[in-house]
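Asker: Here's my sequence, what's the structure:
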Amino acid sequence: MTLNGFEESTPWAISQTGSGDIVKDAIRKEQVLKDITAAQGDLRALVTRVHSVQADVERLASENATLQTYIDNLTMQMARRK
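Answerer: Purely as a prediction, here's the structure:
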């Protein structure tokens, strides 16, 4: 079946177009797996950092709300004194 010049292939089948060197193919696949594992580790680290930053943002937003309430109360007290 062809779609606009693309041929359907079986993605997990053994490649018939390779060099035929099983050792080279195995080394290449092992390197790809190592790269994927490393990328997954990097992604986990990024997700952990995102969660940490989100927690910091929520904490700071809460502190800002508390400070704004304090400022508003001080402003009202100063207005009453005049």
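Asker: what are the ranges of the helices in the chain?
Answerer: Assigned helices in the chain, in chain order: 22-81 (criterion: DSSP state H).
Asker: Low-confidence ranges, it, go.
Answerer: For the chain, residues meeting the criterion pLDDT under 70 lie at 1-20.
Asker: cutoff 90 now
Answerer: For the chain, residues meeting the criterion pLDDT under 90 lie at 1-20, 81-82.
Asker: Against the centre of it, work out the most remote residue.
Answerer: With distances taken as Cα atoms, centre = their mean, the residue sitting farthest from the centre of the chain turns out to be residue 82, at 54.4 Å.
Asker: How much space separates that one from residue 74?
Answerer: Taken as Cβ to Cβ, to the nearest Å, the spacing of residue 82 relative to residue 74 amounts to 13 Å. C-betas here are computed from N, CA, C, even on glycine.
Asker: Over to residue 26?
Answerer: Taken as Cβ to Cβ, the spacing of residue 26 relative to residue 74 amounts to 72 Å.
Asker: do residue 30 as well
Answerer: With distances taken as Cβ to Cβ, residue 30 is found 66 Å from residue 74.
Asker: Residue 53 now?
Answerer: The separation that residue 53 has from residue 74, given Cβ to Cβ, amounts to 31 Å.
Asker: go on, residue 32?
Answerer: When distances are taken as Cβ to Cβ, residue 32 and residue 74 turn out to be 62 Å apart.
Asker: Near residue 25, how many other residues are there?
Answerer: Here the number of neighbours of residue 25 (other Cβ atoms under 10 Å) works out to 14.
Asker: Make residue 1 into 47 and carry on from there
Answerer: New numbering, starting at 47: the last item is residue 71.
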